[in-house]
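Student: Structure here, sequence nowhere to be found:
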């Protein structure tokens with residue numbers, strides 16, 4: 001029978017927030033042992049392997065992990081309030097004393113779902129302006145925006161000219177926001193007519209033939225055929241989805257061109273968002289990433305470290321093709337360890353442990369009852385996406401606006417907070433026997 005040895009009264013691990021905020025945001029105020037952290041042979045095997053490979057190393061200051069805000073600024077800010085990192089008075093956000101000592105890691109997927117992409121980015125900017133140590137990681141939805149804009153604003157090639165249609169459906173609400181806030185009458189006047197703008201957004205008539213030829217270097221014949229079928233399906237839906245978003249082809253093209261200015265050109269008001277974006281962060285024995293790992297990225301982490309992974313992701317992501325999208329680097333923001341994803345095997349897991357990394361802290365898999373601990377491919381994972389955005393919550397039967405965060409203390413205590421679970425979950429990996 002396993003048990004957790006406590007050096008610190010667990011009540012002292014709860015973040016310092018007011019009773020009023022706890023009631024208002026429906027947050028737990030009591031701590032309980034993490035469900036499933038003990039008595040699970042696969043998790044026990046992960047913990048035993050960590051002991052055999054040097055044990056655990058913890059951050060020197062508290063780490064707050066919040067993931068998948070998905071365009072819900074209020075869900076994001078409530079999560080930081082729940083973590084004790086910020087306080088809001090008269091609509092103004094200020095860092096708390098605890099927030100000034102903490103490192104905040106945003107686990108990716110700032111875009112899509114709603115209600116407002118730009119409001120979420122503005123909230124991130126407010127937190128940064130307060131001096132928070134905020135590290136932004138990439139998610140698959142953030143990558144989709146980058147690839148869709150690159151497809152229109154970068155060189156038009158057979159490998160990339162379809163990527164706006166391939167990636168663009170989910171970003172149409174964001175494009176509508178950009179259209180409404182930033183596109184001017186002069187911007188629209190500079191564009192050609194609807195038919196010409198539609199042609200710019202779509203791949204050429206002979207694209208499938210040209211794509212099949214150039215994609216051979218990166219994709220299997222089966223994957224190429226599947227991609228062409230999928231693209232044709234998305235083409236058939238594009239106009240209907242643009243109409244639903246209230247966008248003409250001219251509006252859409254103007255918004256995409258404006259996205260290049262505001263997100264990717266130096267001096268743009270949101271240039272900092274992608275400019276400061278990493279894909280992994282290592283803190284002690286923990287690796288923070290949006291989705292997960294594969295053997296290739298484990299080897300790169302073990303031999304060259306997270307800085308090399310971030311540099312390669314940043315460079316390859318700037319002119320991304322589907323070879324990148326289905327390859328090891330984008331696998332970091334996409335994988336769910338499906339058979340079609342890049343594989344994580346015993347070899348990669350062992351390399352990570354030898355390098356001193358014993359647990360992945362991730363987003364990407366949204367949960368309805370707070371954070372979860374699982375052994376995936378023999379490696380311990382903490383899933384920290386607690387379904388913050390109200391669009392997902394409405395679709396999936398959850399009440400109101402989400403709030404939740406994962407706190408990791410220098411003592412080695414891990415706390416999972418969510419408004420959807422009645423108690424804060426407590427896990428202490430190196431004191432679990």
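Tutor: Noted; the coordinates are in hand. All figures in this text were calculated on a predicted structure; none of them were measured in a lab. Numbers count the residues shown, from 1 in each chain.
Student: For the residue nearest the centre of the chain, which non-adjacent residue is spatially closest?
Tutor: Nearest to the mean C-alpha position of the chain, by C-alpha atoms, centre = their mean, lies residue 108 at 1.8 Å. In this structure, residue 108 finds its nearest non-sequential neighbour in residue 139, 2.7 Å apart by C-beta to C-beta, 6 or more residues apart in numbering. (C-beta placed from N, C-alpha, C; glycine too.)
Student: these two touch, right, the one you found and residue 333?
Tutor: Yes. Under the criterion of C-beta atoms under 8 Å, residue 139 is in contact with residue 333, at a separation of 5.5 Å.
Student: Now do the shared contacts for those two.
Tutor: Counting by C-beta atoms under 8 Å, 6 or more residues apart in numbering, the common neighbours of residue 139 and residue 333 are 108, 290, 291, 364.
Student: Look at the last one and tell me its secondary structure.
Tutor: Secondary structure, DSSP: H, G, I helix; E, B strand; the rest coil: residue 364 is coil.
Student: Closest to residue 219 out of the shared contacts of residue 139 and residue 333?
Tutor: Distances from residue 219 to the shared contacts of residue 139 and residue 333, taken as C-beta to C-beta, are shortest for residue 291 (20.1 Å).
Student: tell me the phi and psi of the closest one?
Tutor: In this entry, residue 291 is assigned phi and psi values of phi -120, psi -60 (degrees, to the nearest 10).
Student: mind listing what the nearest residue to it once chain neighbours are set aside touches?
Tutor: The spatially closest residue to residue 291, leaving aside those adjacent along the chain, is residue 364, at 4.3 Å (C-beta to C-beta, 6+ apart). By C-beta under 8 Å, 6+ apart, residue 364 lies in contact with 67-68, 107-109, 139-140, 290-292, 333, 336, 383, 385.
Student: how about 10 Å then?
Tutor: Contacts for residue 364 (C-beta atoms under 10 Å, 6 or more residues apart in numbering) come out as 67-68, 107-109, 139-141, 289-292, 333-336, 383-385.
Student: Which members of those are classed as buried?
Tutor: 67-68, 107-109, 139-141, 289-292, 333-335, 383-385 (16 or more other C-beta atoms under 10 Å).
Student: Return the subset of those lying in helices.
Tutor: Among the buried ones among the contacts of residue 364, DSSP state H puts 140, 141, 333, 334 in helices.
Student: Of the residues you listed, which pair is most distant in space?
Tutor: Across these (C-beta to C-beta), the longest gap, 10.4 Å, separates 141 and 334.
Student: Now list whatever residues contact both of the two.
Tutor: 290, 364.
Student: Flag the shaky bits of the chain, pLDDT-wise.
Tutor: Residue ranges of the chain with pLDDT under 70: 1-11, 433.
Student: Could you rerun that using 90?
Tutor: Low-confidence segments of the chain, defined by pLDDT under 90: 1-26, 29, 36-39, 89-91, 114, 167-170, 217-219, 276, 317-323, 430-433.
Student: for it, what spans make up the strands?
Tutor: 31-33, 63-66, 86-89, 92-95, 103-106, 133-136, 280-283, 286-289, 359-362, 372-376, 379-383, 404-408, 414-418, 424-427 (DSSP state E).
Student: Minimum distance to residue 311: which of those has it?
Tutor: Of all the strands of the chain, strand 280-283 sits nearest to residue 311, with 11.0 Å by C-beta to C-beta.
Student: Sheet partners, orientation included, of the closest one?
Tutor: Sheet pairing for strand 280-283, assigned by DSSP bridges, gives strand 286-289 (antiparallel).
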